[in-house]
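> show me how the following folds:
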Amino acid sequence: MALVSLLTPEGDSEMEYQRKRYGYGTEIYLNSEQCEALGLTKMSAGQSVMVRATGVVARSTEELDPSADSGGTDCSVCIQLTEIEVKTQGDNNAAAAATMLYGGAE
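Predicted coordinates:
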C-alpha cells in the first residue's frame, strides 16, 4: 500500500484556525517508557523515521451524501493504534523537516 499524505490542502477553511499544516490527531506522542521499549534513544528534530502500525477500528460511520463527488455516501473511520514500530532513516535535517511541517518562508 502506498503512503498517503495527510497535508491539509491550501485554502481549506480549517487552516484559518490551525497552527499546523496537518489535521488534528495525526501526530503520535510517545512517552519515555514507550521510546525505551521501541529502542529510540537520542532522537533529534528533523530525524526521518519509518513507522509501521497495527490498529483496531474503534468507530466506523456511513451516511448518505447527495453530492456526486462522494458516490452517494460519506464514510469515516477511527482507528485506535495498538502496536507500532519506529525505525530511523538517514540523517536528521531540522531545516528540511521544519519546511515540510510548517511550509517555507512567505
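> what's the longest helix in the protein?
Criterion DSSP state H: the longest helix present in the chain is helix 94-102.
> what distance separates that one from the centre of its chain?
15 Å (C-alpha atoms, centre = their mean, to the nearest Å).
> give the other helices and strands that that helix contacts.
Judged by 3 or more C-beta pairs under 8 Å, 6 or more residues apart in numbering; DSSP states H and E, helix 94-102 is in contact with no other helix or strand. Using the backbone N, CA and C atoms, a C-beta is placed for each residue, glycine as well.
> so which bits of it are buried?
Counting neighbours by 16 or more other C-beta atoms under 10 Å, one finds that helix 94-102 has no buried residues.
> just the CA trace of it, in PDB.
Taking C-alpha atoms only, helix 94-102 is exported to PDB below (Å, rounded to 0.1, in the frame of the first residue of the first chain):
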ATOM      1  CA  ALA A  94      15.900  20.000  11.000                       C
ATOM      2  CA  ALA A  95      15.600  22.800   8.300                       C
ATOM      3  CA  ALA A  96      14.100  20.400   5.800                       C
ATOM      4  CA  ALA A  97      11.700  18.900   8.400                       C
ATOM      5  CA  ALA A  98      10.600  22.400   9.500                       C
ATOM      6  CA  THR A  99       9.800  23.400   5.900                       C
ATOM      7  CA  MET A 100       7.900  20.100   5.400                       C
ATOM      8  CA  LEU A 101       5.800  20.600   8.600                       C
ATOM      9  CA  TYR A 102       5.300  24.400   8.500                       C
END
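> contacting residues for residue 79?
55, 56, 57, 58 (C-beta atoms under 8 Å, 6 or more residues apart in numbering).
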